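In: model this:
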Amino acid sequence: MKANFLRIQSISQLHQLISKSKPKHSTISFMKFDEMDVSMEMPFDGVNMEFYVISFKTTSGKLKYGRNYYDFEEGTMTFTAPNQVLYPSHLISDMDGVEGWSLFFHPDLLFGTDLSTKMNQYHYFTYDVNEALHLSDTEKQKIKGCLSNIVEEYSQNFDGHSQELIVSNLELLLNYCKQFYSRQFLTRIKQNKGIVVQIEQLLKTYFNSDKPNILGLPTVKYCAEQVNLSPNYLSDLLRKETGKNTKEHIDYYLIFEAKKKLLGTALTINEIAYDLGFEQPKSFSKLFKKKEGISPNIFRKGG
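Out: The predicted model follows:
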């Protein structure tokens, strides 16, 4: 049976759905949970919004991190990019009694600004819900300051400087969140190192098995699934711990295995490429030369 999704294309449509008055600005809106009427029935499998959503809730409970759970008491922030599907367990309608707020902003708000080209660097918009950001009291105050400035700007008479000031404060908020995630990675050094070891062992085992012949090259998505993390979160975590993202870890072990085969077997370059999971031998040669500065043939000859 085909899934039935509610598609919300604009801030105005969102206000109508949750019984809010007309928005003060067409591309951005801030709402507290207790101001939203979410009592309506939701006969949908999920909701697809065509704008960014940043949500904050004050609660306590357990956070799933990798395969483990951790207690947390601080405020929690989650981030959703346009056209991501929110399922019922993620929706505000399931947060009865939970205090918090959401900031919604449409990509149109950013058109013509530097921030528009920078949004893809905020990887946390594609993190899973279980990889939420947990804030200290000091961090909450910094976020609150940015929000106050944003709401003040879009609530008053809009002029030629308003968009610049709104976007400037929004960028500051996003940069704070990026900084806070870096802090969160650092405070979980022990758990992070466990995941690094898992990934290293995963790749060693993968290339020493018949999986490359069956599944092809390991992907970032595959590695992330094995440790129950989203691809971007895993890459950011590995980069923080080792200086290399997931793709670079894959390439490292790939080249390591390639060198062993080049020097320790009589396999042809093409056979080695297929053995490692490449569909095309030229792709293997291209990657090897990019990483090592010489071709596989020259390396084999002592190059």
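
In: so what's the closest residue to N297 other than its chain neighbours up against?
Out: In space, and not counting its chain neighbours, N297 is closest to I269: 6.3 Å by C-beta to C-beta, 6 or more residues apart in numbering. For glycine as for every other residue, the C-beta is placed from the backbone atoms N, C-alpha and C. Applying C-beta atoms under 8 Å, 6 or more residues apart in numbering to I269 gives the contacts 281, 284-285, 296-297.

In: go on, M77?
Out: So M77 contacts 54-56, 132-135, 143, 177 (C-beta under 8 Å, 6+ apart).

In: just to confirm, which helix or strand has it in it?
Out: M77 is part of strand 75-80, with elements assigned from DSSP states H and E.

In: partners of that strand in the sheet?
Out: Applying DSSP bridges, strand 75-80 is found paired with strand 52-58 (antiparallel), strand 133-135 (antiparallel).

In: C-terminal to that strand, what's the next element?
Out: Following strand 75-80 in sequence, per DSSP H and E, is strand 85-86.

In: And that following strand, what does it pack against?
Out: The contact analysis (3 or more C-beta pairs under 8 Å, 6 or more residues apart in numbering; DSSP states H and E) places strand 85-86 against strand 46-49.

In: Quick check: which helices or strands does the strand it packs on pack against?
Out: strand 5-8, strand 85-86.

In: Following the chain past the first one, name the next helix or strand.
Out: Read that as strand 5-8. Strand 5-8 is succeeded, C-terminally, by helix 11-17 (DSSP H and E).

In: how far out from the middle of the chain is the helix or strand just after that following helix?
Out: Following helix 11-17 in sequence order, the next helix or strand is strand 28-32 (DSSP H and E). Mean C-alpha position of strand 28-32 versus that of the full chain (C-alpha atoms, centre = their mean, to the nearest Å) differs by 22 Å.

In: Which neighbours in the sheet does strand 28-32 have, and how are they oriented?
Out: strand 99-105 (antiparallel).

In: tell me which residues of the strand it pairs with are tucked away?
Out: 100-105 (16 or more other C-beta atoms under 10 Å).

In: In CSV, could you pull the C-alpha coordinates for it?
Out: What follows is strand 99-105 as a C-alpha-only set of coordinates in CSV (Å, rounded to 0.1, in the frame of the first residue of the first chain):
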residue,chain,number,x,y,z
GLU,A,99,7.8,22.4,26.8
GLY,A,100,9.7,23.8,23.8
TRP,A,101,9.6,25.6,20.5
SER,A,102,10.1,25.3,16.8
LEU,A,103,11.7,27.7,14.3
PHE,A,104,10.5,27.2,10.7
PHE,A,105,12.2,28.9,7.8
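
In: pLDDT of it, averaged?
Out: The pLDDT scores in strand 99-105 average 91.

In: what does it contact?
Out: 11, 14, 27-34, 49, 51-59, 75, 92, 147, 150, 170.

In: re earlier: the strands paired with strand 75-80: which one's closest to Q201?
Out: Across these, Q201 has its closest neighbour in strand 133-135 (28.2 Å, C-beta to C-beta).

In: Which SSE is immediately downstream of the closest one?
Out: helix 137-155.

In: Can you check the pLDDT for the nearest residue to F104 once chain neighbours are set aside?
Out: Distances taken as C-beta to C-beta, 6+ apart place S29 nearest to F104, at 5.0 Å, with adjacent residues excluded. S29 is assigned a pLDDT of 94 by the prediction.
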